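A.B. asks: how would this look folded up:
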Amino acid sequence: MSAPSGPLEEPGPSDFATPGTSREFRHAVIWIGSAVAVALVWLLAQPLLLIIGGVVFAALLDGGVRLLGKAFPRLGRGLRLAIVSVLVALFLVGFVVLMGSQLAGQFEALRAVVMEQTDRLVSYGHSLGLVPPKQGAAQIGRQLVGSFGQVTAALGTAIGALSSLLAIIVLGLFIAMEPRLYERGVAWMLPMKKRADFYRTAEKMGHTLRRLMAGRLVGMAVEGVFVGTALSLIGVPMAPLLGVLTGLLAFLPNIGGIISGALIVVVGFSAGTHIGIGAICVYIAVQTFDGYVVVPMVARRAVDLPPALVLGCQLLFGALFGILGLALADPIVAMVKVLLEEKSELAAEDAGAP
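C.D. replies: Model prediction:
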């Protein structure tokens, strides 16, 4: 049967032979793929954050393994990793055994002091008309806590927090055992011509992450010991507990310092005006020493992150993903910064190539 006579037939929308149709189809696939990727990241935010937490913990272990390797170069990596892991476990167990009972007794006293001082502050706010008459400290606290975290159901209970922490530790141990294995696995999914650039970027990311975590650990130790000792000398109640909390909160730059400072000031003024002023001086001194001596000395310029950028990302990640997003905002920003710098350098090298 012959084709019908008439005007010459042209390709339709389902015919991919035309360049325009093929181009529009690729654009549609890219947009749909991007939307699906964003949806998957949102739905899988919790496991993704746990994986990132495992990578950060692996960087901590890897830093200890490399440091031990400089002192004992003949020891194999597996043996060095086992030594570092045992030392970390012994430190945590020893700390809980030696300080656990003392700190547990102080937690209830700290809660009572904070609630009493907060009630006084809220009452003063009522008198000035800054706080609604029917709103108390408990309601304000619930509003603040409720504003953080839409994807943190797994961390809502003690069992959930423990299981999440265990997952991060196990992931970190596996990654720290054979980091090159996982690098090669990711590189295998990339084109051959991109793999050398990936290895270079991954190495710089690892170096930056180790520097960042080293500075964070040293800062935590310095702040915790200094605050605990100084507050004990000036007579602030529950000084050891405040030192421990300050050290732990130092892992969260900016926000952690604000929270620990508020606790120090509140507890200090509960013992008297002069002790409260001394507590403020201690807090300012330790933050100044950490910001201008400890972190620059350890991290140097390997992690040059603007404070406003870090704080903004902490607020964003905290609101979206809760306490885990808040804790991992700093490492994520550091790794993204390295990735963008590497892409910029590669683009400059390609543009300058003959």
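A.B. asks: Which strand or helix spans A112?
C.D. replies: Assessed by DSSP states H and E, A112 sits inside helix 77-128.
A.B. asks: Show me what that helix is packed against.
C.D. replies: Where contact means 3 or more CB pairs under 8 Å, 6 or more residues apart in numbering; DSSP states H and E, helix 77-128 is packed against helix 45-71, helix 137-146, helix 158-177, helix 239-249, helix 255-270. Yep, even glycine has a C-beta here, placed from its N, CA and C like the rest.
A.B. asks: That helix vs helix 255-270, what angle?
C.D. replies: Helix 77-128 runs at 50 degrees relative to helix 255-270, counting by axes from the mean of the first three to the mean of the last three CA atoms, to 10 degrees.
A.B. asks: Please list all residues in contact with G247.
C.D. replies: Applying CB atoms under 8 Å, 6 or more residues apart in numbering to G247 gives the contacts 220-221, 223-225, 227.
A.B. asks: export the residues you listed to JSON lines and tack on neighbour count and secondary structure?
C.D. replies: Output for the contacts of G247, formatted as JSON lines (neighbours: other CB atoms under 10 Å; DSSP: H, G, I helix; E, B strand; the rest coil):
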{"residue": "M220", "neighbour count": "19", "secondary structure": "helix"}
{"residue": "A221", "neighbour count": "13", "secondary structure": "helix"}
{"residue": "E223", "neighbour count": "25", "secondary structure": "helix"}
{"residue": "G224", "neighbour count": "22", "secondary structure": "helix"}
{"residue": "V225", "neighbour count": "15", "secondary structure": "helix"}
{"residue": "V227", "neighbour count": "29", "secondary structure": "helix"}
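A.B. asks: From those, pick the one nearest M213.
C.D. replies: M220 (10.3 Å; CB to CB).
A.B. asks: With I264 as the reference, measure out to that closest one.
C.D. replies: 16 Å (CB to CB, to the nearest Å).
A.B. asks: Now M177: closest residue in space that isn't a chain neighbour?
C.D. replies: Nearest residue to M177, sequence neighbours excluded (CB to CB, 6 or more residues apart in numbering): L81, at 6.4 Å.
A.B. asks: So that neighbour versus F317, what's the distance?
C.D. replies: 30 Å.
A.B. asks: try A45
C.D. replies: Taking CB to CB, one finds A45 at 10 Å from F317.
A.B. asks: More neighbours: which of the two?
C.D. replies: Counted by other CB atoms under 10 Å, A45 and F317 do not tie: F317 has more neighbours, with 24 against 19.
A.B. asks: Surely G318 and L328 touch.
C.D. replies: No. Shown here, G318 and L328 do not form a contact pair, counting by CB atoms under 8 Å, at 10.2 Å.
A.B. asks: show me where pLDDT drops low in the stretch 151-300 of the chain?
C.D. replies: For the stretch 151-300 of the chain, applying pLDDT under 70 flags the ranges 151-160, 294-300.
A.B. asks: repeat that for 80
C.D. replies: 151-162, 253-255, 290-300 (pLDDT under 80).
A.B. asks: For burial, what's the neighbour tally of the residue nearest to F269 when sequence neighbours are not counted?
C.D. replies: Of all residues not flanking F269 in the chain, G276 sits nearest, at 3.3 Å (CB to CB, 6+ apart). Counted with other CB under 10 Å, residues neighbouring G276 total 18.
A.B. asks: secondary structure element for G276?
C.D. replies: Here G276 sits within helix 273-289, counting by DSSP H and E.
A.B. asks: I'd like to check the angle between that helix and helix 239-249, please.
C.D. replies: Using the same axes, to 10 degrees, helix 273-289 lies at 30 degrees relative to helix 239-249.
A.B. asks: For helix 273-289, name the packing helices and strands.
C.D. replies: Right, helix 273-289 is packed against helix 192-234, helix 255-270 by 3+ CB pairs under 8 Å, 6+ apart.
A.B. asks: Show me how far that helix is from its chain's centre.
C.D. replies: 27 Å (CA atoms, centre = their mean, to the nearest Å).
A.B. asks: next one: stretch 266-286
C.D. replies: Taking mean C-alpha positions (CA atoms, centre = their mean), stretch 266-286 and its chain are 29 Å apart.
A.B. asks: Renumber starting at 6 from here on
C.D. replies: Sure thing, new numbering starts at 6, so read that last one as stretch 271-291.
A.B. asks: ok so, going back, out of the contacts of G252, which one sits closest to E346?
C.D. replies: M225 (27.1 Å).
A.B. asks: what about P258, helix or strand, and which?
C.D. replies: Assigned by DSSP H and E, P258 falls outside every helix and strand.
A.B. asks: State the number of residues packed around it.
C.D. replies: There are 22 residues near P258, going by other CB under 10 Å.
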